[in-house]
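Enquirer: Based on what follows, work out the 3D shape:
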Amino acid sequence: ATVHFGANLATNVVVNSASSLTATAPAGSGTVDITVTTADGTSAINPKDQYTYVPPPTVSGVSPNTGASTGGTVVTVTGSGFVSGSTTVTFGGVAATGVSVASTTSLTATSPAYSTVSGAQVDVEVTTSYGTSVANNSDRFTYTTPVTVTGVSPAQGVAAGGNTVTISGTYFASGATVHFGPNLATNVVVNSANSLTATAPAGSGTV
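Expert: Numbering: from 1, shown residues only. So this is what the prediction gives:
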C-alpha cells in the first residue's frame, strides 16, 4: 500500500493488518485528505480521512525587551500557536521559568540569568509539540548588567554642595544621572564605563 497526505506521498508505510497501517506524514499545510492506494484501487475521500497540519509557533513581540543579566524579568511574549501545558520558552537557548500561556497569542515567562556582557541581544524562542518559533528581529531581548558603585572620591563635602566627586563602578553609560540621597547631582560627565564625575548637590548627613 501507498499513502498520500493530500498530494504528498507518505514514507515508512507499515501495514499492520487489513484494517490498520502506520505511515510517516510528509511536509504539508492546512487540512488534507489521507488516501490509501493498493492494487485494488484508492480509498474514497471522506470527512474521516482528514489530517490537519498545525504550524509551529511564532513570536511577534516581547515586552519588556530588556532585563538584568541576573534574570527575573517577567516578559510578555506575543505571537501565535501557543499551547497551554506544552509550551516552553528559551532566552538565547536558556530555559525560562514561570511560563504561563494566557491564550494562543500571548504568554508570560520569567527571564533566566544569562552570562553576557551588558547590551547583548538574544532570541526568545517558543517551543510546542508542533515545533519551535523561527528567530526574527521581533523576538529579541537585551540583557543588561546592573550598574554598580564601588567608590566615591572625595567621600565627604560641604553641606552647600558644589564639589566635584569622582564615582567609580561598572557599566556607566552616557546619559547617566546621579543622586546623592534623594538630591540630583549636576554636571555629570561619564568618563568611561567605570568612572564618572558629578557635582554634589546641597545636603546633610551621610547619603
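
Enquirer: contact partners of the worst-scoring helix or strand of the chain on mean pLDDT?
Expert: Of all regular secondary-structure elements in the chain, judged by mean pLDDT, DSSP states H and E, the least confident is strand 66-68 with a mean of 88. Residues lying outside strand 66-68 but in contact with it, judged by Cβ atoms under 8 Å, 6 or more residues apart in numbering, are 73, 75, 111, 141-146. From N, CA and C alone the C-beta is placed, and that goes for glycine too.

Enquirer: Neighbouring strands of it in the sheet, and parallel or not?
Expert: strand 140-144 (parallel) (DSSP bridges).

Enquirer: which of the residues in whichever helix or strand comes after the strand it pairs with are buried?
Expert: Counting by DSSP states H and E, the next helix or strand C-terminal to strand 140-144 is strand 148-153. By neighbour count, and taking 16 or more other Cβ atoms under 10 Å as the criterion, the buried residues in strand 148-153 are residue 152.

Enquirer: Which secondary structure elements does strand 148-153 sit against?
Expert: Counting contacts by 3 or more Cβ pairs under 8 Å, 6 or more residues apart in numbering; DSSP states H and E, strand 148-153 is packed against strand 164-170.

Enquirer: Need the contact partners of the strand it packs on.
Expert: Applying Cβ under 8 Å, 6+ apart, the set of residues contacting strand 164-170 is 145, 147-154, 157, 178, 185, 187, 193-200.

Enquirer: Just want the angle from it to strand 148-153.
Expert: In this structure, strand 164-170 runs at an angle of 150 degrees to strand 148-153, with axes from the mean of the first three to the mean of the last three Cα atoms, to 10 degrees as the basis.

Enquirer: what residue is smack in the middle of the chain?
Expert: Of all residues in the chain, the one closest to the mean position by Cα atoms, centre = their mean is residue 124, 2.4 Å from it.
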